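**Student:** Build me a model from this:
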Amino acid sequence: MKKRILAIALVIGVLSACGWHTGVVSAAEITETPEEKTIEKMEVVDTESKIPYKSQFTKENIVLQITYSDATTAIVRPDKEIELDTGKLGKQTFPVEYQGKKIDYTVEVVPRQVQGVKVTHTDKTSATVGWDALPEAEQYEIYISSKENGTYTLLKSVKETKYRFSDLVRGKITYVKIRAAAAEAAGEYSALIRVAPKPDAVKKITSNQNVKTKITVAWERAEGATGYLVYYRPSADKDYILAGDTTELSFQVTGLKAGNDYYFQIYAYAGETDNVSEASPAVLFGTAPSIPTITKVKGGDRRVKVYWKKSTGADSYKIYFSTKESSGFQLGATAPADESTIRGVDGLKKKKKYYVKVEAVRLVSGMTLQSESAVKSAKTASTKAKATSTTAKLYSTLKKFKKSKAYKTYKAFKKKVLYRLSVIIPGLKTTNVAGFNATRMVPQSVTFAGDYMLMSAYDYSKKQESVIYIVNKKTRKYITTMVLPHSGHVGGITFDGVNVWITYGKNLQSFKFTEIQAAVASGKPYYELYRISSVCPMPETVSYVTFYKNKIWAGAYSETSKKYMYGYDIQNKWAAPSLVKTNRILMPNRTQGVAFTSSGKMLLSRSCQTKKGRRGFMSRLDTYRPTWNLNSYSIKKNKKKKTVKMPPMNEGIAISGAYTYIIYESPAFAECKAPMDRVTAFKTSKIS
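**Tutor:** Predicted coordinates:
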C-alpha cells in the first residue's frame, strides 16, 4: 500500500451559527498511516455533540483518534463527507468513515443562542427585558441569580420575546440569562444582563480637587443607583464627552487643559449603563491656571522687581517674598491678569537677598484655584537710587547754549529757535526707573496732553523699562516719570483727548490719560504703568504717531524708501479703543515725526545718523500742504513748501498753540558733534 499523506486544513473551532466550539487540532497532530499498520480502534474525540440550528458542520469539524495494531495512535479527520441536516432540531446519528473503517456519531441540533438581550423600559419598581426572536424557538427560558457568578435558577418560560420583572428592589441587581428551547432541546445561554429599577437623578455635584489637568467631582448617592456615568464638556463646546463610569461617589477627570472651564453632568444607572436616570444639573468647574514662569528678578532700591510669563486661565497673580528659600513667604504684591506681568515688591532692606515666587489664581464657581511658580531670588541694591536729573546735561545757561555747535552750525535753527520756551529734557544724566538707575536714556518723541508735555525715551542698554517724562506745560518743570511695562523703542507718542498712544514694534498701544493724572497726583518720583487699554496691530513697525482731524496717523521709518503713513478712525474711544484704517499718505524716507498745523500744513521731522559725512545723513524740518480729501483713501502730500535745517538726530515733533516743539536723541550719543539737550521751541509760522 502506498504511503498516504493527509493534507488537512485547519478549521477554526467556532461554528458560524453562534460561536459554538469544535475541536481544534493543529496540522502537526494529523499523522500518516504507515503501510504496514492496520487500524485496531477508531473513536471521535474533541468534537461538539451539540451544535446550533442552521450552523455549518462538516467532516472538518470532526476529530478522530486512531489506534493502530502496534498500539500507536494518530489524530486524523474523516476522509469522507458526512450527512447532517442542521435545519432540523433534535438528535441525528450519522456514519464517520476513515480508510474503510466506520463508526456512528450522534449530534444534537439545538436552538441558537439568544441575541439582542436588553432592558427596554424601567421605572422605580419594575423593568422590561426584550430580545431578538428565533424562528426555531418554541419558548424562552429565563434564568436569574442574585450574584453575577452565582447559581442561576429558572424563573419562567415564555413564548414572547420580552418579560417584565416586577416588585424589584431599588439598588439591587438581578442577574439574568435567557436561552431558547424547543423539542426538549435548549440552546446556549445569552450574554448576561443586569436588571434593576430606574434610579433617581444625581442632584448635587461638588468639586474638591482641581489642578492643571484634572478635576475631581463628587456627588451624593442617588436612590437606586448601582453606578454613575460622568460626562464633561469644555465650556465653549456643545457636546458632552464620557469621562468614565464608577460605582464610587467621586471621579477624577484627567487630560484636561490648564486654565479652562468645563461643564459636568452625571447620570446614575442601575444594573446596565443604559438604564440611566435623568441627567443631573450641569455644573461648571475649572482647572487651575497653568504654572507661571518667572523670567527675571532684579534687585533695586529697597525693592525687587519680578517679571513672569502669563498663565493660561489666570484671573490674577500674587507675588510672595521671603528671606528664606523654602519658608516664611509673605504677600508682596498682586496683579490682575489683564495688566502687565511685572510687579515691584517694596519696603525691603538694602543689600539683602530675597526669594520670590508667583502664584496664578483663578476663581470658578466659588472655588479658588492656584498654580505656583518656582522660586527665584535677587539681592537689593546697596545704595539708594538717584533721583531723575532735571538740570540740563549739556547747556546749563543761555551762554553755553549759544556756544554749542548745534546753535552755531545750523544758521536757520539759530535764527528761529526760542530758548526761553525750550524745555530741558529730564533724565539724561540719570533716570530713576522704578528704583533702578538708568544713565543712558534715549529721548524719542514729544506730545502735549492736558496741562502736560510728555516725552518718551528708552534705555539704550535695554536693562530698564522705557519711560515717559511728565513736564508741566506752563512752567516747563519736570514732575515725575511714568515707567512703562516694557523696554520698547517708543519712537512715537500722541494724545487723542482721552487716550495716550505710543508706538511699540508692530503695534500701537494706548492707555488712559487718567494714568498721567494719577502719576502726577501720586507725588512720587516714579509711577509704574501696569494697564494698557488696547494694543492695535499695524502693517509694519511704526516709528511715529500723531493725532489730526480726529484720526490717529502712524507710519514707519526707512532710511532709503518712501513709506505710507496711515490714518485711522478711533472706535470705542472711551473704553478699549481700536483703530480702523481709512487713509494713507506716501511719506518721504527718514521721517521721524509728524505734526499738523490748524491750517492743514504737515510738518515733518526728518533725520538720519549722528553727524555729517555718514551715509544718509539728514537733519531737517520739511513742510507740506496735503490736499485734505478724507473721503479718498489716498491723500496727496503735494510738493514740499519749505525746509529748515535742524541739529542732527531730531526726532518727535509736536505743536501747542502757536509754537512747534522738536525733541532730539543726540544727547545720548557721544559721537554726535552737535547734540541738543532740550525740546526746542519755534514760532510755527517762522518754520512752516
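
**Student:** What separation do you get for the residue nearest to residue 185 when sequence neighbours are not counted and residue 61?
**Tutor:** Leaving aside its chain neighbours, residue 185 sits nearest to residue 110 (4.3 Å; criterion: CB to CB, 6 or more residues apart in numbering). Where C-beta positions appear, they are placed from N, C-alpha and C, glycine not excepted. Distance, residue 110 to residue 61, using CB to CB, to the nearest Å: 15 Å.

**Student:** With neighbour numbers in mind, choose between the two.
**Tutor:** residue 110 (26 against 22; other CB atoms under 10 Å).

**Student:** Tell me if I'm right that that one and residue 89 touch.
**Tutor:** Yes - counting by CB atoms under 8 Å, residue 110 does reach residue 89; the two are 6.9 Å apart.

**Student:** which residues are common contacts for the two?
**Tutor:** Both residue 110 and residue 89 are contacted by 53, 185, under the criterion CB atoms under 8 Å, 6 or more residues apart in numbering.

**Student:** Would you tell me which helix is longest in the protein?
**Tutor:** helix 513-522 (DSSP state H).

**Student:** just checking, what packs against the very next helix or strand once past that helix?
**Tutor:** Remark: after helix 513-522, the chain's next helix or strand is strand 526-528, criterion DSSP states H and E. Applying 3 or more CB pairs under 8 Å, 6 or more residues apart in numbering; DSSP states H and E, one finds that strand 526-528 makes contact with strand 478-483, helix 513-522.

**Student:** Would you mind finding the longest strand in the chain?
**Tutor:** strand 353-364 (DSSP state E).

**Student:** elements contacting that strand?
**Tutor:** By 3+ CB pairs under 8 Å, 6+ apart, strand 353-364 packs against strand 283-286, strand 293-300, strand 303-309, strand 316-322, strand 367-372, strand 376-379.

**Student:** count of residues packed around residue 464?
**Tutor:** 25.

**Student:** which helices and strands does the longest helix of the chain pack with?
**Tutor:** strand 452-459, strand 467-472, strand 478-483, strand 499-504, strand 526-528.

**Student:** Contacts only, for residue 252.
**Tutor:** 209, 214-216.

**Student:** Quick check: of the residues you listed, which has the highest neighbour count?
**Tutor:** That'd be residue 215 among those, by other CB under 10 Å, with 26 neighbours.

**Student:** rewinding a little: on the strand side of things, show who the residue nearest to residue 185 bridges to.
**Tutor:** residue 52 (DSSP bridges).

**Student:** Nearest residue to residue 439 in space, ignoring adjacent ones along the chain?
**Tutor:** residue 430 (5.3 Å).

**Student:** quick one: which of the helices and strands packed on helix 513-522 is nearest residue 370?
**Tutor:** strand 526-528 (24.7 Å; CB to CB).

**Student:** Mind giving me the packing neighbours of the next helix or strand after the closest one?
**Tutor:** Where DSSP H and E defines the elements, the next helix or strand beyond strand 526-528 is strand 534-537. With contacts defined as 3+ CB pairs under 8 Å, 6+ apart, strand 534-537 has these neighbours: strand 507-512, strand 578-587.

**Student:** Any chance of these in TSV with mean neighbour count, distance to residue 449 and mean pLDDT as columns?
**Tutor:** Shown next, in TSV, are those (neighbours: other CB atoms under 10 Å; distance: least, CB to CB, whole Å; pLDDT from 0 to 100):
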stretch	mean neighbour count	distance to residue 449	mean pLDDT
strand 507-512	21	11	98
strand 578-587	18	19	98
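
**Student:** I'd like the ones you listed as a markdown table, with distance to residue 471 appended.
**Tutor:** What follows is the helices and strands packed on strand 534-537, written out as a markdown table (distance: least, CB to CB, whole Å):
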| stretch | distance to residue 471 |
| --- | --- |
| strand 507-512 | 18 |
| strand 578-587 | 28 |
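
**Student:** out of those strands, which comes closest to residue 191?
**Tutor:** That would be, of the helices and strands packed on strand 534-537 and by CB to CB, strand 578-587, which comes in at 62.7 Å.

**Student:** Need the contact partners of the next helix or strand after the closest one.
**Tutor:** Counting by DSSP H and E, the next helix or strand C-terminal to strand 578-587 is strand 591-596. For strand 591-596, contacts defined as CB under 8 Å, 6+ apart pick out 445, 491-492, 543-544, 546, 548-549, 553, 555, 557, 563, 565, 587, 602-607, 650-655, 660, 662.

**Student:** Would you write out the ChimeraX command that picks the buried residues out of the residues you listed?
**Tutor:** For the buried members of the contacts of strand 591-596, the matching ChimeraX selection, counting by 16 or more other CB atoms under 10 Å, is:
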select :445,491,492,543,544,546,548,553,555,557,563,565,587,602,603,604,605,606,607,650,651,652,653,654,655,660,662
